[in-house]
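J.: Sequence isn't available, so here's the structure alone:
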């Protein structure tokens, strides 16, 4: 995954190397917690190898940090479990530093009117 020049210059080497593939995948899913993604979409968006992303997702699922349905993956809705994962804090801090903190009210202004297919209650 690429980082901007400012992050490159202002982040310690330890902080940059601490962000493992699972941390990056989890950070991506947390940043998009209102959606579910296929592994290849996550790989493309994070600039990671699809095989590494798939392995990371499997490990994150074993820890109860992500949910899996058909070919889609989403971050868990269990906030306590999520916050107990040490990589969550590092990933969140780095993504906030790179992209700024989230303002959910602003997101709602731009949210589509219709729910994503993964969020529909179709029978």
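T.: Cool, the structure landed. As the structure is a computational prediction, the values presented were derived from the model and not from experiment.

J.: C-terminal to the helix-or-strand element of the chain with minimal mean pLDDT, what's the next element?
T.: Sorting the helices and strands of the chain by mean pLDDT, DSSP states H and E puts helix 86-99 at the bottom, at a mean of 62. With elements assigned by DSSP states H and E, the helix or strand that comes after helix 86-99 is helix 104-110.

J.: Give me the residues contacting that next one.
T.: Outside helix 104-110, the residues that touch it by CB atoms under 8 Å, 6 or more residues apart in numbering are residue 34. To be clear about C-beta, it is placed using only N, CA and C from the backbone, and glycine gets the same treatment.

J.: and it, average pLDDT?
T.: The pLDDT scores in helix 104-110 average 71.

J.: tell me which residues in it are buried?
T.: Within helix 104-110, no residue is scored as buried using 16 or more other CB atoms under 10 Å.

J.: and what of stretch 67-78?
T.: Under the neighbour-count criterion of 16+ other CB under 10 Å, stretch 67-78 has 67, 72-76 buried.

J.: can you name the two of these that are farthest apart?
T.: Across these, no pair lies farther apart than 72 and 76, at 13.7 Å, counting by CB to CB.

J.: Hmm, residue 75 is touching residue 26, no?
T.: Yes: the criterion here is CB atoms under 8 Å, and residue 75 meets it with residue 26 at 6.9 Å.
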